[in-house]
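S.K.: Build the 3D model from these lines:
(chains A and B)
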Amino acid sequence: MSGLISQLPVLPVITPLIAAPLTLLLPKGRVPWAWATIVSWLTFAASAALLHNVATNGVVSYHLGDWAPPLGIEYRIDLANALVLFLVSGIAAIVFPFAYESVRSETDNRQSSLFYGAMQICLAGMLGVTITGDAFNVFVFLEISSLSTYALVAMGARRDRRALTAAFNYLVMGTIGATFFVIGIGLLYQATGTLNMADLHLRLAGQDNRVIEAGFAFIVVGIGLKAAMFPMHLWLPNAYTYAPSVVTAFIAATATKVAVYVLVRFFYSIFSPDFAFMQATFAYVLLPLGVIGMFVASLVAVFQADVKRMLAYSSVAQIGYMLLGVSLGTKAGLAAALVHVFNHALIKGALFMSVACVVLRLGSHANEAFQGLGRRMPVTTGAFILSGLSLVGAPATVGFISKWYLLKATFEVGHWGVSFLIVASSLISLIYIGRIIEMMVLREPPESGPLSAPIKEAPMSMLIPMWVLVAANVYFGLQTDLTGGIASAAADALMTVGGAR
Amino acid sequence: MGANSLIDALVVNPAVIMTVGAVLCIFVPSALRRVFMLAFVAASAFQLYKLGLGEFGAVTLFGETLTTVRVDRLARLFGIVFHIAAALNIIYAWHEKDRAQSFATIAYPAAALGGVLAGDMITLFVWWELAAITSVFFVWAPGTRSTYLAGMRYLAIQVLSGVLLLGGVVLVFRDTGSFAFGEIGLRDPSGAIKISGLVLFLAFGIKCAFPLLHNWVQDAYPKSTLSGTIVLSIFTTKLAVYSLARAFPGTHELIYIGAVMTLFPIFFALIENDLRKVLCYSINNQVGFMVVGIGVGTAAAMNGAVGYAFSNIIFESLLFMSLSAAMYRTGSSKATDLGGLYKSMPLTMTFCMIAALSIAAFPFFAGFVTKGLIIDGVAGEHMFWIWLVMLFASAGVLEHAGIKIPYFTFFAHDSGKRVKEAPPMMLAAMSVAAVLCIGIGVWPEPLYALLPYQDQIAGYEPYTPWHIIEQLQLLLFAILAFALLIAWKWYPAEVPSVNLDTDWFYRIPGRNLLAWIAGATRALWNVMWSVIFRRVEVIIGRIYLVHGPEGQLARSWPIGFMALWTAIVLGAVLIITFIA
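M.R.: As a prediction, the model looks like this:
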């Protein structure tokens, strides 16, 4: 057992990575789903144990294959990535059990083992990106997760052929992002001769030349694209809209969050705030783009005729909040961004899961499908309303905590205008969420057409996981020790330890 | 923040008990619902009594300790009278079966109570908004299109007040680093107006119906149901009075604002034909007295202001109740349609007279023992003109609320209507209120014992010869004036005219100029708004185009477009990093 404990850091990545190919050997039907669910739970257990370990014992460093860094690959887990690992595997442990009915109705059943295999690869990739302490390894895992995501998005084609185009666009854009990213890493390698993050940090200190500046720019843009930073978000709405509902719920809650994490990791563990160009990038790129994204994407969301698409645009706006937090360059701002990474995953996961329930019963995620839903699917409606309020930032939900931390961070640096903009854009989110809630609660169901057929509430296998996530929205809204506490400590560690290495 | 401390804070709060009751009462069968509601009001009152004075329900939220329940003398006084009023309302509307109104009958007082008990401004904000949201059910209750629209207007104004409050809270936090709800003041020590104070002042002013911010009262309140108007008339404005007393005692601007508030409604009340609107104007006028008292800010005046709020809630609602009872039986509130009801509804008439005598501050009624405190407070500060205005306004109150309401409802010309006496539960509620009116008037000591500044009130004696003579002179002259006006047929009422329904603003001298300014402003606003709106639409339209309508996804240009954006961002980042 102690052997297993000492190998704990590698378990979250290796479990789904090995389990995924095995999935292909399983018979079609329910078995691949059950297998994936068990794997996701094991992964989650390993991540939770790891978070506990890091929280009590401090940073964990694991040498893959016992090759010592900087030559060998190092897994280096501090509070920041332990939190993201916990989040990503936790979302997987909720979405995977949720998936069965929805996936069965939306994708080709003959591909079920492929589907769940791809989901596990995607999970392994995201966990690998998060856990690793090696810059090139980040690229490798990023591509592992992205490639499987392209395939997963394309699987929505059985319901809507446009999924193919969306996946193709996503593929092209994602590849551009990955290429930029790897160019940036190449430039850093050229300047320093190392790929290990800690080593990079040491060797970069004091260097400030065109090569490093260009490397930095390529990395920011490449990862910014993966994170759907405005205005490089254009792949996201279509990919989210046409992917199978479960895939949307999973990647909306995780993929962009992991990208934001990578950005933070590069800013503080590889580069450091001492570089003048980083401060300039914060002030003239991240802050304005974050704020513009908050508004433009929210306004676009208001005009959408499709709930899934609306939520996708809302995700772009929420990325703006995270970038805004990072761009403040303070401990409080960074903590706010990490808190929002965690909280927004809970919010969007729950929202997209309720959309999945509606799609299962009505076969549509257009606005009309939500008319009068309060009477037809009350449990699902309740979940949507609660998590929608959380998105807006109603007190006693995680959304409120996020906004609070963000506002506090902006107060601290005296950006009063920015605090005002945060509140103002929250009001826009109230408009687009309120619009859907009004449709669900106050309007009558459609009287004719394909959406008027009588329907049942979603099955228990979907309702229970969905409500677990909704409950998490409220629980972490009241109990902020985990998110707020760990995020603050993680921000602290990122900003101070960086220099000490 | 621990979840436990939050739960403790919720359990300890009387307002939460009432709110829970409000939610649960929706599910109780209508036969038992009112009993159930009374039980929760009683439980809440017991909890308030059991708490005693002190601070409770501390919650640590993001490093700031919030005091969710603070019972000091000021808060307790309002807490007690809110319970009394809530109980009376429940009894009065015993026949009401509507779930939404039943919910609001207890949820809205609960929200007002929560606001009064809030020890910090975050908690205050939460209850402030809840009070706005729960009360709008009354405006919507009749269910017509006009009440729906009035409700939306009402809600918009109330929420505006809430937004201002939140803004003020943030600004105060910046100034002081604390969320505690205490004295804030409008000016800083150097005498300059503080932005934070001004924003809060406006937030309270809207709810308090300051002149020019008052129109929502006359717009929304008379449109509610019979019992709804009574509930509405009590809580919102008094919560605002409490907030002013807490945050802005001795702010001199309030004296002049209050003086105007006491005066201007009198003229409109005189020519108004709808008696419910008359009473709504009298809310403004009555709150004006309290505002003046707060503005003076001495111990005597503050005692007077909050004591007057206490007794006003009782007699004002009694006045509304008796008028509503008459309306319930006759179906009209127009002075022209009523009259001569004293034969059919003698008990209701008696109660109405008691309320009228109280509001007019006759000796041995509730108004006298508290209004005297305010007027004395003003006189004590040697504010001659204000003192005069208040005396005149007192006479005006007598004119419209004390005489006009009972006279045109129960006497005047006989409308020929013969109706039944009010239902027993209405009579029960009214009799309790009437007993309180007389009780406070004859035996004011218990009320005085509750007032916030005990040192000042200790030696106060309401029934000195000077007080009584001063007041009686005033009252008798006012009655004489009314009698003469009636006798010479100069009294301007009983005209079913439409001008009374239009906005008062256009009727004062210079209406043309005002109308022109209003028109020009409106036109400018419309032009500006339409330009902005068109701009926004164009912008949104463009973005929509950029993102591509769904049918055009198959085209290849989005990829090129996205790649272009990426290149632009890369270029920008490169330039910035190189320059830095």
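
S.K.: what stretches of the chain score poorly on pLDDT?
M.R.: Reading this off chain A. Low-confidence segments of chain A (pLDDT under 70): A:1-3, A:497-501.

S.K.: right idea, wrong chain: chain B
M.R.: Across chain B, the ranges flagged by pLDDT under 70 are B:1-4, B:62, B:333, B:335-336, B:415, B:458, B:489-516, B:518, B:539-558.

S.K.: Now for B:Ile438: which residues touch it?
M.R.: Counting by C-beta atoms under 8 Å, 6 or more residues apart in numbering or on different chains, B:Ile438 makes contact with B:Ile354, B:Phe364, B:Phe365, B:Ala366. Yep, even glycine has a C-beta here, placed from its N, CA and C like the rest.

S.K.: Could you check which helix or strand contains it?
M.R.: Using DSSP states H and E, B:Ile438 sits within helix B:424-442.

S.K.: re the thing from before, which of the contacts of B:Ile438 tops the neighbour count?
M.R.: Using other C-beta atoms under 10 Å in any protein chain shown as the neighbour test, the contacts of B:Ile438 are led by B:Ala366, with 34 neighbours.

S.K.: I figured it was touching B:Cys437, is that so?
M.R.: Yes - in this structure, B:Ala366 is within contact of B:Cys437 by C-beta atoms under 8 Å, at 4.5 Å.

S.K.: okay, and the common contacts of the two?
M.R.: B:Ser311, B:Ile314, B:Phe315, B:Ser358.

S.K.: Work out the gap between the helix holding B:Ile438 and the centre of the chain.
M.R.: When C-alpha coordinates are averaged (C-alpha atoms, centre = their mean, to the nearest Å), helix B:424-442 and its chain have centres 22 Å apart.

S.K.: List phi and psi for A:Asp134.
M.R.: A:Asp134 adopts backbone torsions of phi -120, psi 120, taken as degrees, to the nearest 10.

S.K.: let me redo that: A:Pro27
M.R.: Main-chain dihedrals, A:Pro27, degrees, to the nearest 10: phi -70, psi 160.

S.K.: who touches it in this structure?
M.R.: Counting by C-beta under 8 Å, 6+ apart, A:Pro27 makes contact with A:Ser113.

S.K.: Name the residues of the stretch 101-250 of chain A found near chain B, please.
M.R.: Proximity of the stretch 101-250 of chain A to chain B, by C-beta under 8 Å from any C-beta of the partner chain, involves residues A:162, A:165-166, A:169, A:172-173, A:176-177, A:180, A:210, A:213-214, A:216-218, A:220-221, A:224-225, A:229, A:231-232, A:234-235, A:237-238.

S.K.: Now the buried members of those residues.
M.R.: Neighbour-count burial (16 or more other C-beta atoms under 10 Å in any protein chain shown) applied to these gives A:162, A:165-166, A:169, A:172-173, A:176-177, A:180, A:213-214, A:216-218, A:220-221, A:224-225, A:229, A:231-232, A:234-235, A:237-238.

S.K.: OK, contacts around residue 209?
M.R.: Unless you meant another one, I'm taking chain A. With C-beta under 8 Å, 6+ apart, A:Asn209 has these contacts: A:Ala191.

S.K.: that's the wrong chain, I meant chain B
M.R.: Neighbour list for B:Ala209: B:Trp216, B:Val217, B:Thr237, B:Ala240, B:Met261, B:Ile283, B:Asn284, B:Val287 [criterion: C-beta under 8 Å, 6+ apart].
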